[in-house]
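Chemist: got a structure for you, letters missing:
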């Protein structure tokens, strides 16, 4: 319970949507107020995503009130806005565990609740999933409604339009709710627009439209004139022409905080078959002034004071993202060919200051990772020096472009890959568990893994100067506290660095694994090597270690399969070197959310886990 008060008496009577549907419609605004207050104080205690959820409170209440969930399918895009949904579907009292180890996920998750009918975390998947569920229902002869809720930001992704194009053509019986939360409630969501939306969704208009179609289609010129007249009439008052062309009946825009209007619309739209799109306008951060004024700041936030919005704690240590941000601004000042690209992650990837200093060379493509990569390839073809700032798990979406458009052509594109490895509270959907594996197999790639902040800066410079595609892959959060020089120096490509000389055992650490390797080495009297480069490997160093040690241990915060350790194995096998090898990394399973230190310990990648694994391995030899 986030507050010791009786402010939530109505909310506490709702343990699932069936109880919500027993309420009188007049009680729903009060329920929404209590839901918003509970949400605010819950996230203030635990941290998490706030702005989006505050903006979808009334929408969530109305959806569960009208639709028979979970029989009717409700699919949320991305999932940032689903905290109110979780609270109305039996998870209210578990909100104190949000994004914590073995607690509630910050995103919809099928194994968590039957009301989470599709698991998400990445953007723009909801329409495709809803189309699949709607088609499946039709094939099985089941009577159920399917609703997808997608934000206007998620509509910048090509996948959303691919899904709209197919769903409209297939006549899937589904409703897409476009949650437009990038603008305030403007005059066009006033009386005329609201009246028109209700009229267009009502039974009279639908019957008249279908009846007229049957009559006028026998007279093609008349029918074509009538159809164009309708399109022009609707185009003057609603921005729905594009969706109509894709085969969707368009309704709206309406006020997404007006519960009676939402209920009327949903009730009407349930009676209309085929693909439909309802344009709903909401306000991010609604009901909490600091979030209304700065929704980006409260998109994802750590624990804060709900009275003021100020964070309860902050770290003075620079993050790897900060190091990238500083380097990018410095490099751009030195080279006017540099162009910074992000797929809608300006704040998260550290491009805020760059966008201010060099607005003409800052490009935010929206949630369009594939386009971001190929855009960079096009820029490189013309002699520019693009830097793509992207989360590891988001680069997965641009994998074909990385191979086909960048690597095959050996273009000078630098990928600054944030969130490499585990990401803590965001969990499996955002973990950068696979990048070393999926990049290592691509010809022409240079892949670097910094172990501290200074190394990160120099690797970014080295990758920028490299002739061909290069990647610097760094973890989320703060570094080791290393001093960072202002100078930029080229590193010798493929050169590892030995930091400790021991006996028998050599720990080959990649990136973030250097710190626990050094800690474990003290107890093991082991040698420690900061490998630095995943591709190319320092083969001379590996051969030397194989000749002088009885066991080589590779350490990486990446999937074991195909990762950096596999690269070492491949070299040893190719050279017929018989030295024993132990590969330690992320196991062959998706790692859930929780604090990163706990998760790494669970994976055996902390000091004690490394020691245990080596002792167990040695006992078997």
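Modeler: Great, that's in hand. Values in this document were obtained by computation on a predicted structure and should not be read as measured data. Numbering: from 1, shown residues only.
Chemist: neighbouring contacts of the strand or helix carrying residue 128?
Modeler: When elements are assigned from DSSP states H and E, residue 128 belongs to helix 126-140. Outside helix 126-140, the residues that touch it by Cβ atoms under 8 Å, 6 or more residues apart in numbering are 73, 75-77, 117-118, 120, 143-144, 146-150, 154, 159-160, 162-164, 166-167, 170, 172-174, 176. For the C-beta atoms, the positions are set from N, CA and C on the backbone; glycine is no exception.
Chemist: hmm, residue 43 is touching residue 50, no?
Modeler: Yes. The pair residue 43 and residue 50 passes the contact test of Cβ atoms under 8 Å, sitting 4.7 Å apart.
Chemist: what touches both of these two?
Modeler: Shared contacts of residue 43 and residue 50 (Cβ under 8 Å, 6+ apart): 83, 301.
Chemist: list the buried residues for whichever helix or strand residue 570 is part of?
Modeler: Taking DSSP H and E as the criterion, the element that holds residue 570 is helix 564-574. The neighbour-count check on helix 564-574 (16 or more other Cβ atoms under 10 Å) flags 564-568, 571-572 as buried.
Chemist: over to stretch 609-616?
Modeler: Within stretch 609-616, the residues that qualify as buried by neighbour count (16+ other Cβ under 10 Å) are 609-611, 613-614.
Chemist: next secondary structure after the helix or strand encompassing residue 32?
Modeler: Per DSSP H and E, residue 32 falls inside helix 28-46. Using DSSP H and E, the helix or strand that directly follows helix 28-46 along the chain is strand 48-49.
Chemist: list the strands paired with that next one, with their directions.
Modeler: Strand pairing for strand 48-49, determined by DSSP bridges: strand 300-301 (antiparallel).
Chemist: what's in contact with the partner strand?
Modeler: Counting by Cβ under 8 Å, 6+ apart, the neighbours of strand 300-301 from elsewhere in the structure are 43, 47-50, 80, 311.
Chemist: ok, back up a step: next, the angle helix 126-140 makes with the very next helix or strand once past the helix holding residue 128.
Modeler: Tracing the chain past helix 126-140, the next element assigned as helix or strand by DSSP H and E is strand 146-151. Angle of strand 146-151 versus helix 126-140, following axes from the mean of the first three to the mean of the last three Cα atoms, to 10 degrees, is 180 degrees.
Chemist: tell me the strands beside strand 146-151, with direction?
Modeler: Using DSSP bridges, the neighbouring strands of strand 146-151 in the sheet come out as strand 73-76 (parallel), strand 174-180 (parallel).
Chemist: ok, longest strand in the protein?
Modeler: strand 551-559 (DSSP state E).
Chemist: which helices and strands does it pack with?
Modeler: Counting contacts by 3 or more Cβ pairs under 8 Å, 6 or more residues apart in numbering; DSSP states H and E, the secondary-structure elements packed against strand 551-559 are helix 435-440, strand 505-509, helix 539-548, helix 564-574, strand 580-586, helix 607-620.
Chemist: 10 Å - rerun?
Modeler: For strand 551-559, the elements it packs on are helix 435-440, strand 505-509, helix 514-524, strand 527-530, helix 539-548, helix 564-574, strand 580-586, helix 607-620, judged by 3 or more Cβ pairs under 10 Å, 6 or more residues apart in numbering; DSSP states H and E.
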